[in-house]
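Engineer: Fold the stuff below for me.
(3 chains)
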Amino acid sequence: MTRTHRLQARIALSTLSLMLTTSACVSGSGSQDSSDDPIVIGVSLPLTGDFSEPGKGVERGYKAWAKIVNDKGGLLGRKVELKILDDQSNADRVVSDYEQLIGRDEVDLVFGPFSTRLVVPSARVVEEYGMLFVEPAGAAPEVFTQGFENLFYAAPAVADDHYNHLAEYILAMPESERPKTVAYAAMDDPFAQGTAYGLKERLQKAGIRTVTDEVYPPNTTDFGNIAAKIADSKADMVVGGTQYQDGVNLIVALQQLDYQPKMAAFSTAPTEPEFAKAIGNKTEGILAPTGYTQKADYPSNKEFVEKYTKQYGKAPEEDEANAYTTGQVVAAAVEAAECASQDPDCQDKLVKWLRGNTVDTVVGPLKWDDKGRPQSAHMIQQWVDGEIQIVLPDAQKEADLVYPKPKW
Amino acid sequence: MRRGSELPSRTHGLLHLGALLAAVAVALSFPSMAPSPYEITVGIAILNYAVLSTSWNFVGGFTGYISLGHGAFAGLGAYGTGLLTAKAELPPFVALFVAAALVAVLAVPVGYAALRVRGASFVIVSIALVLIMLLVFQSWASLTGGSRGLVVPRPFPGMLRAEHHRTFYFLFLALLATALLSWWVIDRSRFGMGLKAIREDEDKAQSLGTPTYTYKLVVFVVSAAFTALAGGLYALWFGDLDPVFQFSILSGAYMVLMALLGGVRHLYGPLLGAVAVGYALEYAKVEYGDTPLHLVVAGLLLFVVVMFMPDGVIPAAGALLARFRRTGETSIREVTAAELRGRREQDDGTEVRGSERTTRGA
Amino acid sequence: MPSLSLVFQSVVLGVLLGGLYALLAAGLTLYFGVMRVVMIAHSAFLILAAYLAWYAHRETGIDPLLTLVVTVPLFFAAGVAIQRLLLTRLRPATLTMMSVLLTFSVALVIEGLLGYAFSGTQRRIRLGYSSASIEFFGARVAVVKLIAFGMAALALLGLYVLMKHSRFGQALRATIQHREAAQLLGIDTDRIAGYGFGLGLATAAVGGTALSLDTTIYPSLHWHWIGPLMAIIVVGGLGSVPGAAIAAMTLGMLQSLLQLELSTTWAQTVFYVALFATLAVRPQGFFGGRLAQRF
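Structural biologist: From the prediction side, this is the model:
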């Protein structure tokens, strides 16, 4: 045997055993349930990476919820404590995060992460550990077809239904005035595509023609060619299945080509606070669906808006509201089941209670079907007079829908 | 290679065997020592890194060709296994081997294009392979699920999560053992001698009659197949695939870093590197949370290895130990032809400046 | 069938894009010429320059173009430093492979630091003229894209003049063509190689600033640039600056035209198809000379 081999074997062995023993020692101390211990809630959020903007919004919503609950004495007389990990918008990470939260940190409850792409993998982990999974962001259809039994989406409607009010509005127009052709561009992301394709399906059924249908991957930065195709199609209406930055880029690229549609609808981006500045304030007439308005007069919403504004110095947006809603839903279940721990009986009680009951939240009363789909609808907002205002449905509107849209 | 002969080689053999057995015992008992399933997942991640960098080392260690594109083979193995299970409805472990075989077949034309040229172009091709696969798997959404990702059906439906992790821990361990054994066998074969001749001086090896091109291609395919197996096993374990993470240059770079850190000329080098880097990554994540600083650390580590110990930790530590015992350095160290040449030229009083010699240009 | 006006629009976009590719690929092939080094960190420096432009604009409101005054000399110095302090210290026998890893590690460090300082969020400069455009024979050309192209064209022209008509340029070309011979002529090839490296990195400063005008940037964006750029220099012939420029224009145009019929991602594969085809048919590239044949 050579010395080299002996040496390397010795080094390899000692390092290996050292590593393995230390890794076994890096483990959390088990938490015993007692009335003095806080209820620890584990969350993984994209605080960096593709989804970091909305991810931070969700984080603020969760934190606001924890603060408001604790200021009132906590849940079941115990304080709540959030343990938030960063998943870098990465599916590998989100799974290992929940694995760590449930296995190592032994959290009592979990909240969902942000974005459909991350919800499905994390829902599977939580499901296989038998825990309740209420999530603020997985709106796409495939979330609800995976056979998850512990999953609830804490928002008014799934992605496909976001534009329902707009579709009804368009189809109610006299045929001569309606947009006749539509161009679609959607990010290859289940949520973003879900919104655009939900509308597309309804419009196509009514005979409104699709002239372009573009899909781009999440990391696209240059929208020149996509915009060129849309502009060249001269479609009456453009629908963007967008998240934040891609929506901004697409709109700027369309404006560079001086394309002037009669109607323009984009998901997510137009409702973000930074939006107007990002596209140089040329926002007039842009439509967007939203599940939340600060002005809604549900009692818990008034409290939320007031206390959130005090804590963060500005009013909450949709991401914050959805996170807060998640907290409200879980809290309602915990109060009803009178328990909060990883114990299977407890988690089972929580799930069962939510199946059969309605929860009052900041986005209104929510109830779910057997797959966890919420049963309400989204409102439609439009940029009118330099401000984003609710235009549909009529019952909640703050301004009239402007059609055709002014030039941008 | 010259051999030290202080002690009878039998004692060395016994020591070596004892060390090996102890390591195996530790590895086997790890799942039962782990306090929660989470630690087992860390163990799996490290084993996965170890298999990947050992697989990489079939090309990197034997021939000296550095591929930054092995992430593509891992990704193809993962997607191949996932698609064959989900769409063609093959049994999961049949799908795993079929996928690895397909990747091996694909590696032939890739290797054909990449290995015709030496050095620079090989690296370019290897990186391009990852990038092109990323584009294809993102674009071909009707087959691959695109950016929405692919869900791989559970190989053991109904198995509890902790048990699932434990099972895969042993599967990864078995794969690692197979990869190490294959490397060891090649290392001692005529084929291995030929490959190492390529590493030392490809022109000379060629002129001495080694079929360099065929040798390189064969070992490239073997390496790709093992990498694909690791990727496929990961897919079965993890269940969710996303092109951005399956076809990432970074994962290829980690393989290189781990192998270089441990030492590419040594059987256990990549394994050692994988344990060190994998453990450090996980530890840093738990202690400091996830920040982009892990990229900085990985970058600096690679930098240090390339600049100061291109032969890895094992030879560096070995040399240190040997010097400590006042034995001649050369007696335990493999010396490359280039080093010997450099030393001789230094003895002759001629100065060799790095910038004045190009790899194989002279 | 796409309409004629759309085809023309794509041609214009293709030219504008090709110009930027040409400048960046010229830098990349310059490193290869002087050192036989594949500089993976080239596009990381590109993104770094874009971030510097974005950051300066956000903090002080100055026009991103003004950051060139700082970034170009800074990057030139960094290039010289990388060549003199790092690359010359590698073992000559493994220089090609190890230099790839070395520059790769530099790219990782840059990406990580950018992510740490500015987070992974996509960033975009908001300029008063972001959405302005001018009409050009029926095609619409965004003002920012035009400025970016102009910068790339000027820088490339400057590089050409420098290499063809200055003593330094002659020495540089001599070094690229035959290092030993250049040395015999009394050229200090080490110093020249250092300057060549600096010049290459300076193109990244110009390119990055141009890039920041019109696209979103994020730390890991550089991977999406390095692939096409490497494909371009192989197709053009490693070490050949004009070859890189011609290949860049051709492939940029092809990519833009392919987007008419294919999706954005499929169109990008044209670079890699060209790369593999070149290696299979003509490994030395289409414009490379004697130099490229051995790599």
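
Engineer: And the helices in the stretch 51-200 of chain C, which stretches?
Structural biologist: Secondary structure of the stretch 51-200 of chain C, counting by DSSP state H, counting those that start in this stretch: helices at C:68-81, C:95-118, C:143-165, C:167-177, C:179-184, C:189-214.

Engineer: same question, the stretch 151-300 of chain A
Structural biologist: A:164-172, A:190-205, A:224-233, A:245-256, A:275-278, A:299-312.

Engineer: So which residue is dead centre in chain A?
Structural biologist: A:Ala137 (2.6 Å; C-alpha atoms, centre = their mean).

Engineer: which residues touch it?
Structural biologist: A:54, A:58, A:112-116, A:118-119, A:191, A:322 (C-beta atoms under 8 Å, 6 or more residues apart in numbering or on different chains). Placement of C-beta: from N, CA and C, glycine included.

Engineer: where in the chain is pLDDT low?
Structural biologist: Because you didn't say which chain, this covers chain A. A:1-35, A:49-50 (pLDDT under 70).

Engineer: Wait, chain C was what I had in mind.
Structural biologist: Ranges of chain C meeting pLDDT under 70: C:1, C:288-295.

Engineer: ok so, going back, minimum distance to B:Ala141: which of the helices of the stretch 151-300 of chain A has it?
Structural biologist: helix A:190-205 (9.9 Å; C-beta to C-beta).

Engineer: Can the closest one be said to contact chain C?
Structural biologist: No: using C-beta under 8 Å from any C-beta of the partner chain, helix A:190-205 stays clear of chain C, coming no nearer than 13.5 Å.

Engineer: ok, B:Arg323 - how many residues close by?
Structural biologist: For B:Arg323, the count of nearby residues is 11 (other C-beta atoms under 10 Å in any protein chain shown).

Engineer: hmm, whatever helix or strand it lives in in reach of chain A?
Structural biologist: When elements are assigned from DSSP states H and E, B:Arg323 belongs to helix B:313-324. Yes: remark: helix B:313-324 sits within contact range of chain A at B:313-314, B:317-318, B:321-322, by C-beta under 8 Å from any C-beta.

Engineer: List the contacts of residue 52.
Structural biologist: I'll assume chain A. A:Ser52 neighbours (C-beta under 8 Å, 6+ apart): A:46, A:89, C:119-121.

Engineer: if you could check chain C rather than the one you did, that'd help
Structural biologist: C:67, C:70-71, C:208.

Engineer: Report the two of those residues separated the most.
Structural biologist: Counting by C-beta to C-beta, the most remote pair of those is C:Val70 and C:Gly208, 12.2 Å apart.

Engineer: Which residue of the two possesses the greater neighbour count?
Structural biologist: Comparing C:Val70 with C:Gly208 by other C-beta under 10 Å, the one with more neighbours is C:Gly208, at 30 against 14.

Engineer: what would the helices of the stretch 151-300 of chain A look like in JSON lines with mean neighbour count?
Structural biologist: Converted to JSON lines, those look like this (neighbours: other C-beta atoms under 10 Å in any protein chain shown):
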{"stretch": "helix A:164-172", "mean neighbour count": "18"}
{"stretch": "helix A:190-205", "mean neighbour count": "22"}
{"stretch": "helix A:224-233", "mean neighbour count": "24"}
{"stretch": "helix A:245-256", "mean neighbour count": "25"}
{"stretch": "helix A:275-278", "mean neighbour count": "18"}
{"stretch": "helix A:299-312", "mean neighbour count": "16"}
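
Engineer: Figure out which of those is closest to A:Ala377.
Structural biologist: Using C-beta to C-beta, the nearest of the helices of the stretch 151-300 of chain A to A:Ala377 is helix A:164-172, at 5.7 Å.

Engineer: okay, now B:Ala141: neighbour count?
Structural biologist: Count around B:Ala141 with other C-beta under 10 Å applied: 18.

Engineer: Identify the residue nearest it in space, chain neighbours excluded?
Structural biologist: Nearest residue to B:Ala141 in three dimensions, chain neighbours excluded: A:Asp188, at 6.3 Å (C-beta to C-beta, 6 or more residues apart in numbering or on different chains).

Engineer: What residues of stretch C:178-197 count as buried?
Structural biologist: C:179, C:182, C:187, C:189-190, C:192-197 (16 or more other C-beta atoms under 10 Å in any protein chain shown).

Engineer: er, stretch A:335-353 actually
Structural biologist: A:337, A:339-342, A:346-347, A:349-351, A:353.

Engineer: Can you give me the end-to-end span of that stretch?
Structural biologist: 10 Å (C-alpha to C-alpha, to the nearest Å).

Engineer: ditto for stretch A:81-98
Structural biologist: 16 Å.

Engineer: what comes up buried for it?
Structural biologist: Going by 16+ other C-beta under 10 Å, stretch A:81-98 has these buried residues: A:82, A:84-98.

Engineer: can you check stretch C:5-23 too?
Structural biologist: Buried residues in stretch C:5-23 (16+ other C-beta under 10 Å): C:6-7, C:9-10, C:12-14, C:16-23.
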